[in-house]
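J.: fold the following, please.
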Amino acid sequence: MKLNKKIAYVGCLGMIGIITTEFGIIGILPQIAVYYGITIDKAAYLLSAFALVIALTGPFMTLLLSGFDRKKIMLVTIFIFFFSTIVSAFSPPFWLLMIVRMLPAFLQPVYIATAIAAAVASGKKSQENQLMGIVLGGIALAMVTTVPFATYLASIFSWQVSFYIQTIVSTLALVAIFKTMPSGDIPEKKSYGSQIRILKDSPFILSTAMNFFMIASWFSTYSYFADYLVKTRKLDMATISYMLLLFGVVGVFSNWLAGKMLTKSITNTIAFFLSGTIIIPVILVYSGDSIWTTVIVIIIWGFFYAPCFLNASAYMISAAPKSLEFANSLATSFGNLGVFLGTAVGGWIISHSAINNIPWAGMAFGILALLMVVWRSILEKKNKKVVPIVVSNK
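T.: The predicted structure is shown next:
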């Protein structure tokens, strides 16, 4: 295995730790709500607050730390994730749990941008998109391994076990980064002006809006995955962990497929997977509650959902190919702003209406995302300015 791929796979392992910490909470929200005696929408603050911190601070933290040693940045970030999960596992008061959950969020976009940049910098120009795909592949791998596994163990023992799993993954990532990443890898610090210039570019602004609405669409329902299946499909927590596993397995395949499709047409790929934000709400609401119907729904849901982060990054980078790190940090930040909005809207619907209605919010956001894609396509055709990019997540 060449050094460049080792660095990419180490970045991928760190991504698994990060995603397990951020989204592993989804499967145990009902248990946390019962433990602390709060409503499910209040428990969801553990996810939405994490996402809001990323959204508000991500680009600024990435710019601020862009000239620092990459190995040190990655180590510090994963250590803070490690510390957060250790404290969380001891069931602190809810206010303290909120604080320690929010701490690692400040550096999450920095880690993602740094890990991608380190992987890309260690390879050839022709390997850039493949290496980026390896790092981002950690998202799909977490969804099929650590997230459902942590939820399953939590259903057998207690919700605290989920945080122990997160701690183990963070420990493995720390060791891998320490042993594999080269020291003294300090990139040339680019001027702030050269990076933020992309914020004036209309296609990039529309791509950012698409990312925001797309993620909001998916997370208005996905944030309440466990509670939704408990209340609408009458499933127990152990069965839900199997559903998360199935969701993730399908997601690994669709993530691979999306990578192949993106090499042919980014716009068509985005539009195809965005169609799921309209299809999924319909089948969630009208498909009935039998176990086999639910299995089919989960397969279709996981297929359309899984590539959303890869698609968002590819779509935004295609509008700003010369600002890879900053564009990636913005993709992470606005994606997490979408997580915050989707989770907040879903929680508001649950508290003011019924959990059965949250898929319709996803459809509304999905339509807005599709409109952004159409708008950018019209604008680029009008200006005859299409920026090609090849993306692979092998």
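J.: so where's the stretch 151-300 of the chain shaky on pLDDT?
T.: Within the stretch 151-300 of the chain, the ranges that satisfy pLDDT under 70 run 184-198.
J.: regarding this structure, what is its longest helix?
T.: helix 324-352 (DSSP state H).
J.: just the buried positions in it, please.
T.: Buried residues in helix 324-352, counting neighbours by 16 or more other C-beta atoms under 10 Å, are found at 324-347, 349-350. Where you see a C-beta, it was placed from the backbone N, CA and C, and this is true even at glycine.
J.: and stretch 30-37, by the same measure?
T.: Buried residues in stretch 30-37, counted by 16+ other C-beta under 10 Å: Pro30, Gln31, Ile32, Ala33.
J.: now do the buried residues in stretch 225-244.
T.: Neighbour counts over stretch 225-244 (16+ other C-beta under 10 Å) mark 225-233, 235, 237, 239-244 as buried.
J.: out of those, which are inside strands?
T.: Residues of those located in strands (DSSP state E): none.
J.: inside helices: which ones of these?
T.: 225-233, 237, 239-244.
J.: check contacts around Phe23.
T.: Applying C-beta atoms under 8 Å, 6 or more residues apart in numbering, we find Phe23 in contact with Leu47, Ala142, Met143, Val147.
J.: touching, Thr145 and Ile16? I think so.
T.: Yes. Counting by C-beta atoms under 8 Å, Thr145 does reach Ile16; the two are 7.3 Å apart.
J.: quick one: which of these two has more around it?
T.: Each of Thr145 and Ile16 has its neighbours counted (other C-beta atoms under 10 Å); Ile16 has more, 23 against 18.
J.: mind listing what's buried along the helix or strand encompassing that one?
T.: Here Ile16, judged by DSSP states H and E, is contained in helix 3-23. Using 16+ other C-beta under 10 Å as the test for burial, helix 3-23 gives 4-23.
J.: what sits closest to Ala361 if chain neighbours are left out?
T.: With sequence-adjacent residues excluded and distances taken as C-beta to C-beta, 6 or more residues apart in numbering, Ala361 is closest to Ser220, at 4.3 Å.
J.: for Thr277, see how far away that neighbour is.
T.: Per C-beta to C-beta, to the nearest Å, Ser220 is found 10 Å from Thr277.
J.: Ala216 and Gly335 touch, don't they?
T.: No. Under the criterion of C-beta under 8 Å, Ala216 is not in contact with Gly335, lying 9.3 Å apart.
J.: Asp289 sits in which helix or strand?
T.: Here Asp289 is assigned to no helix or strand, by DSSP H and E.
J.: residues in contact with it?
T.: Taking C-beta under 8 Å, 6+ apart, we find Asp289 in contact with Thr232, Arg233, Lys234.
J.: quick one, phi psi at it?
T.: Dihedral angles of Asp289 (phi, psi; degrees, to the nearest 10) stand at phi -120, psi 20.
J.: what values do phi and psi take at the closest residue to Leu29 other than its chain neighbours?
T.: Leaving aside its sequence neighbours, Leu29 sits nearest to Ala43 (C-beta to C-beta, 6+ apart; 4.8 Å). Note on Ala43: its backbone torsions stand at phi -60, psi -30 [degrees, to the nearest 10].
J.: hang on, isn't Ala43 packed against Ile28?
T.: No. Shown here, Ala43 and Ile28 do not form a contact pair, counting by C-beta under 8 Å, at 9.0 Å.
J.: more neighbours: which of those two?
T.: Legend: neighbour count by other C-beta under 10 Å for Ala43 and Ile28, higher for Ile28 (26 against 23).
J.: how about the more buried one, nearest residue that isn't a chain neighbour?
T.: In space, and not counting its chain neighbours, Ile28 is closest to Trp159: 4.2 Å by C-beta to C-beta, 6+ apart.
J.: contacting residues for the one you found?
T.: Taking C-beta under 8 Å, 6+ apart as the criterion, Trp159 is in contact with Ile28, Gln31, Ile32, Tyr35.
J.: contacts for the helix or strand hosting the third one next, please.
T.: In the assignment (DSSP H and E), Ile32 maps to helix 29-36. For helix 29-36, the surrounding residues in contact (C-beta under 8 Å, 6+ apart) are 25, 39-40, 42-44, 46-47, 91, 94, 154, 158-159, 224, 226-227, 230, 237.
J.: apply 6 Å and report the result again.
T.: Ile40, Ala43, Phe94, Trp159, Ala226, Asp227 (C-beta atoms under 6 Å, 6 or more residues apart in numbering).
J.: now that helix, how far from the centre of its chain.
T.: Chain-centre distance of helix 29-36: 23 Å, with C-alpha atoms, centre = their mean, to the nearest Å.
J.: now the angle between helix 225-233 and that helix, please.
T.: 100 degrees (axes from the mean of the first three to the mean of the last three C-alpha atoms, to 10 degrees).
J.: pLDDT of helix 29-36, averaged?
T.: For helix 29-36, mean pLDDT is 92.
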